[in-house]
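Colleague: Fold the following for me, if possible:
(one chain, ligands or ions: 1)
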Amino acid sequence: MKLLAICGSPRKRNTCNALNLIRDAFPGIDFEILHLIDLDFKPCKGCYTCVLKGESNCPLKDERDMILEKMAEADGLILASPVYSHMVSAMIKNLFERLGYLAHRPLFFNKFAMSMVTCSGYGAEEALKYMDKMLSVFGFNLAPSLELQFRPGKMPEKNTLLNIEKSKRAVKILIEKIEKGKKNKPSLKMIIPYNIFKYVSELDKELMKADYDYYKDKGDYYYETNIPFYKKIIAKKLTNKIIRQFD
Ligand SMILES: Cc1cc2nc3c(=O)[nH]c(=O)nc-3n(C[C@H](O)[C@H](O)[C@H](O)COP(=O)(O)O)c2cc1C
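Modeller: All right, here's what the predicted structure looks like:
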């Protein structure tokens, strides 16, 4: 089994140390930590080219594709951020922006992921909710998220031990999920965006070329699966309500 951790901290302190402890606690697992700060990973220019024309047309030439390859090679992803000003770090936000086209054309339906934050007070809930949201729109199957509290200055031993125990428990659940391989069933939260993106991709096939190519041969969902009849009907009704606004 291979786990990839992406660390979105601009320094190698609490978040990095927490990931090192996790790696050391699971010696039998092939565990790689990728620090965004060490990479050539430029800020998104907001040109929207990846969404419209396809990700291979991104004008930024850097290590984005290496990150994507490592995500594709791993069975599970731990996405780790410090909480800065009640949210994810700017580096994690930039990762989501640079991979923003995946919200239109998700890829990672066969992969599992866990969001993790380190913080010293408030804001973890919002940051984790946002990370889980982005990972799920990229297609990942989610394990419960992990919040670790770090006090400024020297941490009491008992707090460190508590963080280690919490981390081990959370990562064990992620590993068990990967071993079981049980994927999420298509939910309305996924079927409705699927329907909308597919519909929009057909409105202007040239403008939305990348989305059109992605959706044109797909059926009821991103991949072959049986969606219960009642779910399809509800999703269709709710989708129609939303797309009426496009007309
Ligand atoms: C600019 C900045 C803003 C922060 N904002 C918050 C916050 O809103 N909530 C919180 O709980 N901790 C906040 N913290 C504390 C960090 O989340 C905490 O120390 C974290 O473990 C730092 O991880 P790092 O060592 O990987 O940077 C902030 C720290 C910095 C530097």
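Colleague: got the phi/psi numbers for G76?
Modeller: G76 has phi and psi values of phi -140, psi 150 when expressed as degrees, to the nearest 10.
Colleague: what sits opposite it in the beta ladder?
Modeller: L3, F112 (DSSP bridges).
Colleague: these two touch, right, it and N110?
Modeller: No - shown here, G76 and N110 do not form a contact pair, counting by C-beta atoms under 8 Å, at 10.9 Å. C-beta here means a position set from N, CA and C on the backbone, and glycine is covered the same way.
Colleague: more crowded one of the two?
Modeller: G76 (23 against 13; other C-beta atoms under 10 Å).
Colleague: Could you work out the end-to-end span of stretch 46-58 for me?
Modeller: 10 Å (C-alpha to C-alpha, to the nearest Å).
Colleague: buried ones in it?
Modeller: T49, C50, V51, L52, K53, G54, E55, C58 (16 or more other C-beta atoms under 10 Å).
Colleague: In a markdown table, list these along with secondary structure, distance to the ligand and pLDDT.
Modeller: As requested, the buried residues of stretch 46-58 are exported to a markdown table (DSSP: H, G, I helix; E, B strand; the rest coil; distance: C-beta to the nearest ligand atom, whole Å; pLDDT from 0 to 100):
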| residue | secondary structure | distance to the ligand | pLDDT |
| --- | --- | --- | --- |
| T49 | helix | 31 | 98 |
| C50 | helix | 28 | 98 |
| V51 | helix | 30 | 98 |
| L52 | helix | 34 | 98 |
| K53 | coil | 35 | 98 |
| G54 | coil | 34 | 98 |
| E55 | helix | 28 | 98 |
| C58 | coil | 28 | 98 |
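Colleague: Now flag whichever of those residues is closest to T239.
Modeller: V51 (19.9 Å; C-beta to C-beta).
Colleague: Who are the contact partners of the spatially most central residue of the chain?
Modeller: Centroid check for the chain by C-alpha atoms, centre = their mean gives L135 as the closest residue, at 2.3 Å. L135 sits next to L77, L79, A113, S115, L142 when contact means C-beta atoms under 8 Å, 6 or more residues apart in numbering.
Colleague: Okay, and it sits in which element?
Modeller: Counting by DSSP states H and E, the element that carries L135 is helix 124-137.
Colleague: With A235 instead?
Modeller: helix 229-243.
Colleague: Now do the buried residues in that helix.
Modeller: Taking 16+ other C-beta under 10 Å as the basis for neighbour counts, the residues of helix 229-243 that come out buried are K231, A235, T239.
Colleague: How about the residues of this protein by the ligand?
Modeller: Applying C-beta under 6 Å from any ligand atom, we find that the chain lies next to the ligand at 9, 11, 13-15, 82-86, 118-123, 150.
Colleague: What's the first helix or strand after the lengthiest helix in the chain?
Modeller: Ranked by residue count under DSSP state H, the longest helix found in the chain is helix 157-180. Later in the chain than helix 157-180, the nearest helix or strand by DSSP H and E is helix 188-203.
Colleague: I'd say L52 and D204 touch.
Modeller: No - using C-beta under 8 Å, L52 is not in contact with D204; the gap is 9.8 Å.
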